[in-house]
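A.B. asks: coordinates for the following, if possible.
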Amino acid sequence: MGKMIDAQSIVVASTATEWYGDEGEILRFVFFHSLVLACLAGVAVFCIAYVFPFTHLAAK
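C.D. replies: Numbering: from 1, shown residues only. Purely as a prediction, here's the structure:
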């Protein structure tokens, strides 16, 4: 998720798609997706740690 908002990855993406000078627009688009994935990962970890049917998945 952090790789998506990495400056080098954004520059490579803008160069590959020939969107020169639109790095800010790419960052705005990718930042939302990065936040959504971080929230989903947090919910998954919370469920594995505290919600009964998923707690058996955690290492003891």
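A.B. asks: give me the distance from the helix or strand of the chain with the lowest mean pLDDT to the chain's centre.
C.D. replies: Ranked by mean pLDDT, DSSP states H and E, the weakest helix or strand in the chain is helix 52-55, scoring a mean of 82. Relative to its chain's centre, helix 52-55 lies at 25 Å (Cα atoms, centre = their mean, to the nearest Å).
A.B. asks: and what of stretch 24-36?
C.D. replies: Mean-position distance between stretch 24-36 and its chain equals 9 Å (Cα atoms, centre = their mean).
A.B. asks: in that stretch, what counts as buried?
C.D. replies: Of the residues in stretch 24-36, 26, 27, 30 count as buried by neighbour count, 16 or more other Cβ atoms under 10 Å. The way it works is simple: take the backbone N, C-alpha and C, and place the C-beta from them, glycine included.
A.B. asks: follow-up on the earlier one: and the least confident helix or strand of the chain, what does it pack onto?
C.D. replies: helix 23-50 (3 or more Cβ pairs under 8 Å, 6 or more residues apart in numbering; DSSP states H and E).
A.B. asks: the helix it packs on packs against which elements?
C.D. replies: Helix 23-50 sits against helix 7-16, helix 52-55, with contacts defined as 3+ Cβ pairs under 8 Å, 6+ apart.
A.B. asks: show residues contacting the shortest one.
C.D. replies: Residues outside helix 52-55 that contact it (Cβ atoms under 8 Å, 6 or more residues apart in numbering): 47, 48, 49.
A.B. asks: same question, the longest one
C.D. replies: Counting by Cβ under 8 Å, 6+ apart, the neighbours of helix 7-16 from elsewhere in the structure are 3, 19, 20, 21, 22, 23, 26, 27, 30.
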